[in-house]
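[1] Sequence plus the predicted model coming up.
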There are 2 protein chains.
Amino acid sequence: MTTGSRKLNGAGKRSTRQRALIMDIIRRGQGHLDADEIFRRAREKEPRLSLSTVYRTLQMMKELDLIDELHFTESHHHYEVKPTREHHHLVCLGCGRVIEFDYPLSSYLKKEVPEAKGFEIEETEISVAGYCARCQRARR
Amino acid sequence: MTTGSRKLNGAGKRSTRQRALIMDIIRRGQGHLDADEIFRRAREKEPRLSLSTVYRTLQMMKELDLIDELHFTESHHHYEVKPTREHHHLVCLGCGRVIEFDYPLSSYLKKEVPEAKGFEIEETEISVAGYCARCQRARR
DNA sequence: AATGCTATTGCAAATCATTTGCAATAATAA
DNA sequence: TTATTATTGCAAATGATTTGCAATAGCATT
Ligand SMILES: [Mn+2]
Ligand SMILES: [Mn+2]
Ligand SMILES: [Zn+2]
Ligand SMILES: [Zn+2]
């Protein structure tokens, strides 16, 4: 009955030390970590852990809807625990910093657009790229 | 003075057969092509063209603001000529089809959010993943 | 039109993120 | 405890994109 074992067992999955650790890191990590960062942090506790396990675990947690995968304007992805409030992200092209902001999508996008096109929305994501205050200063 | 030579020369770039061809394919290709599809089509006219040239050209055209790079929930990117009207995309997880829709972002997102956070927006993208009418039928 | 300078190309090899095969190991049900 | 089988670590594979380099081709200048 360690962290999350309930949900895992419920889904017919086994509760392992590495899964608990990875989940913990994402939870405590202020969100928005990428696979490699999760790997680095996890290795401090569990030096034999492999990167494949990180990827496999992330994929599983995505399928169980425990986490969200974020697609910024980068070649790799970031992860955060399934959030309570609908929010999106400002990502700094200079330093990579991520700033959250609230923005409920209008019913026009959530209902009318899909209805008009016969499209069934699975998930929506707004990605905003630009420069944070600090990096704006640094650029001029 | 073939297609686009003006813009290229203006930017201190050379106007080559392969660049004109690639630009043409994107223009005529109904948009939303990926690098490999552009490569395949270009090869029909120019069999010795290399994939690196496609990638190098895409990057250049992005920098010259001639095209937009689209980040769907896929591991590779898609490209379209810089559009006139602000629009976004519904991408089908089943068949990959792309459906465009109009959706001007509210001033809340364009002005108030960045102001509040001291953030300077460079570009915004909404990506909506789901299932198109045809694929919905196929799934049940 | 011929020349020279250098950007651009094709090709092969490199890189980066992610995935996969497989034999060893560990979690759970019996 | 033991048996069953999911999960792991490791190495190798994959897919997308990038890079080094020598050959080629734009284009400004004679
Ligand atoms: Mn977040
Ligand atoms: Mn479009
Ligand atoms: Zn920044
Ligand atoms: Zn479809």
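    Sure, I can see it. Residues are numbered from 1 along each chain as shown, chains lettered A, B, ... in the order given. Ligands and ions are numbered 1, 2, ... in the order given.
[2] From here on, just use CA atoms for contacts and neighbour counts.
    OK.
[3] Name the helix or strand of chain A that has the lowest mean pLDDT.
    Sorted by mean pLDDT, DSSP states H and E, the helices and strands of chain A end with helix A:5-10, the least confident at a mean of 72.
[4] continuing past that one, what's the next helix or strand?
    With elements assigned by DSSP states H and E, the helix or strand that comes after helix A:5-10 is helix A:17-28.
[5] List the buried residues for that next one?
    Buried residues in helix A:17-28, counted by 16 or more other C-alpha atoms under 10 Å in any protein chain shown: A:18, A:19, A:20, A:21, A:22, A:23, A:24, A:25, A:26.
[6] wouldn't the fifth one be in contact with residue A:38 here?
    Yes - contact criterion C-alpha atoms under 8 Å: residue A:22 and residue A:38 qualify, at 7.0 Å.
[7] shared neighbours of those two, which are they?
    residue A:54 (C-alpha atoms under 8 Å, 6 or more residues apart in numbering or on different chains).
[8] How about the residues of chain A by DNA strand D?
    A:12-19, A:46, A:48-53, A:56-57 (C-alpha under 7 Å from any atom of the strand).
[9] at 6 Å instead, please
    By the rule C-alpha under 6 Å from any atom of the strand, the part of chain A lying against DNA strand D is A:13, A:14, A:16, A:18, A:19, A:48, A:49, A:50, A:52, A:53.
[10] Pull the contacting residues for residue A:22.
    So residue A:22 contacts A:38, A:42, A:54, A:57 (C-alpha under 8 Å, 6+ apart).
[11] Distance of it relative to residue A:60?
    Separation of residue A:22 from residue A:60 (C-alpha to C-alpha, to the nearest Å): 12 Å.
[12] do the same with residue A:32
    On the measure of C-alpha to C-alpha, residue A:32 and residue A:60 end up 17 Å apart.
[13] Compile the buried residues of helix A:17-28 into CSV and extend it with columns for pLDDT.
    Shown next, in CSV, are the buried residues of helix A:17-28 (pLDDT from 0 to 100):
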residue, pLDDT
A:18, 97
A:19, 97
A:20, 97
A:21, 97
A:22, 97
A:23, 96
A:24, 96
A:25, 97
A:26, 96
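[14] and after the strand ranked longest in chain A, which helix or strand comes next?
    If you go by DSSP state E, chain A has its longest strand at strand A:120-131. The helix or strand immediately downstream of strand A:120-131 is helix A:133-139, counting by DSSP H and E.
[15] when you scan that next one, is anything in it near ligand 3?
    Yes - using C-alpha under 5 Å from the ion, we find that helix A:133-139 touches ligand 3 at residue A:135.
[16] In contact with the closest residue to residue A:71 other than its chain neighbours, which residues?
    Sequence neighbours aside, residue A:77 is the residue nearest to residue A:71 in space, at 5.4 Å (criterion: C-alpha to C-alpha, 6 or more residues apart in numbering or on different chains). By C-alpha under 8 Å, 6+ apart, residue A:77 lies in contact with A:34, A:35, A:69, A:70, A:71.
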